[in-house]
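Participant: no FASTA, just this:
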């Protein structure tokens with residue numbers, strides 16, 4: 001048993017004596033806590049069209065959800081000299097419209113509150129710029145669940161998930177990574193957590209491409225929020 005700050009859904013943070021197995025859990029945002037498909041894909045289509053490279057409506061762009069923006073434009077084949085303009089167009093549309101064309105994954109609030117009640121600190125580790133990540137958390141009224149928000153930068157320059165996870169761990173006070181889990185839906189979430197020594201948990205309700213998660217071999221693979229909570233509570 002150890003003393004800890006515990007989040008009470010009705011009253012916020014309070015001191016309590018609890019037993020916990022993990023010290024902290026870091027969560028990816030897009031595809032893990034939220035379904036942002038409409039907003040993100042719409043913003044990418046807008047950005048590509050704005051620089052003269054429109055994409056037909058029947059072209060699947062869901063693979064763009066998760067990785068850094070400029071990495072996506074590179075993979076898509078957009079000429080590098082157009083990246084800056086496309087990033088600006090994406091950001092403008094996404095901040096105004098796209099951020100709010102999303103929904104929370106059913107069951108994730110219960111996972112967050114259960115972990116907080118267990119005395120586990122929560123952090124966000126997302127490729128989204130920190131300001132947009134905070135806006136999203138506030139929009140869904142879950143910002144107070146997170147002690148730390150680590151993210152990308154607004155200029156769209158790629159920042160590895162390993163660097164974002166490392167930033168989140170530092171802001172948490174450098175807990176033993178063996179007592180921390182990284183939860184996400186894409187390959188880079190698994191790789192970023194593993195590079196920092198965290199236990200990696202991949203969720204299957206996100207936007208991983210076929211075979212993507214199997215190729216990186218997360219420590220745990222879960223299919224529902226209830227299963228995610230069960231796995232996280234078993235770790236330590």
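Facilitator: Good, I have the coordinates. Keep in mind it's a predicted model, so treat the numbers as computed, not measured.
Participant: please make it C-alpha for all contacts and neighbour counts, starting now.
Facilitator: Noted.
Participant: in the protein, what residue spans correspond to strands?
Facilitator: In the chain, the segments counted as strands under DSSP state E are 2-8, 12-18, 24-27, 34-35, 103-104, 121-129, 148-152, 180-184, 199-203, 220-222.
Participant: and the contacts of the fourth one?
Facilitator: Going back to what we said before, that points to strand 34-35. For strand 34-35, the surrounding residues in contact (C-alpha atoms under 8 Å, 6 or more residues apart in numbering) are 102, 103, 104, 105, 206.
Participant: if we go to 7 Å?
Facilitator: 102, 103, 104, 105 (C-alpha atoms under 7 Å, 6 or more residues apart in numbering).
Participant: pull the most distant pair out of the residues you listed.
Facilitator: 102 and 105 (9.5 Å; C-alpha to C-alpha).
Participant: returning to that earlier point: so which of the strands of the chain comes closest to residue 85?
Facilitator: The closest of those to residue 85 is strand 121-129. By C-alpha to C-alpha, the value is 17.3 Å.
Participant: so what does that closest one touch, helix or strand wise?
Facilitator: Contacts defined by 3 or more C-alpha pairs under 7 Å, 6 or more residues apart in numbering; DSSP states H and E place strand 121-129 against strand 24-27, strand 148-152, helix 161-171.
Participant: of these, which is nearest residue 128?
Facilitator: strand 148-152 (5.2 Å).
Participant: mind listing the strands that closest one pairs with, and their directions?
Facilitator: Paired neighbours of strand 148-152 in the sheet (DSSP bridges): strand 121-129 (parallel).
Participant: you'd agree residue 30 is up against residue 67?
Facilitator: No: if you go by C-alpha atoms under 7 Å, residue 30 and residue 67 don't touch, sitting 9.9 Å apart.
Participant: which stretches of this structure form helices?
Facilitator: For the chain, the helices defined by DSSP state H occupy 37-50, 69-76, 83-96, 108-117, 130-139, 161-171, 187-195, 212-216, 225-234.
Participant: adding distance to residue 181, mean neighbour count and mean pLDDT, write the ones you listed out as a markdown table.
Facilitator: A markdown table is the format used below for the helices of the chain (distance: least, C-alpha to C-alpha, whole Å; neighbours: other C-alpha atoms under 10 Å; pLDDT from 0 to 100):
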| stretch | distance to residue 181 | mean neighbour count | mean pLDDT |
| --- | --- | --- | --- |
| helix 37-50 | 25 | 20 | 95 |
| helix 69-76 | 25 | 16 | 92 |
| helix 83-96 | 29 | 18 | 93 |
| helix 108-117 | 12 | 19 | 98 |
| helix 130-139 | 20 | 18 | 95 |
| helix 161-171 | 10 | 21 | 97 |
| helix 187-195 | 8 | 22 | 97 |
| helix 212-216 | 16 | 14 | 97 |
| helix 225-234 | 8 | 16 | 97 |
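Participant: make CSV out of those helices and add distance to residue 23.
Facilitator: Below are the helices of the chain laid out as CSV (distance: least, C-alpha to C-alpha, whole Å):
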stretch, distance to residue 23
helix 37-50, 31
helix 69-76, 31
helix 83-96, 33
helix 108-117, 10
helix 130-139, 22
helix 161-171, 11
helix 187-195, 15
helix 212-216, 25
helix 225-234, 11
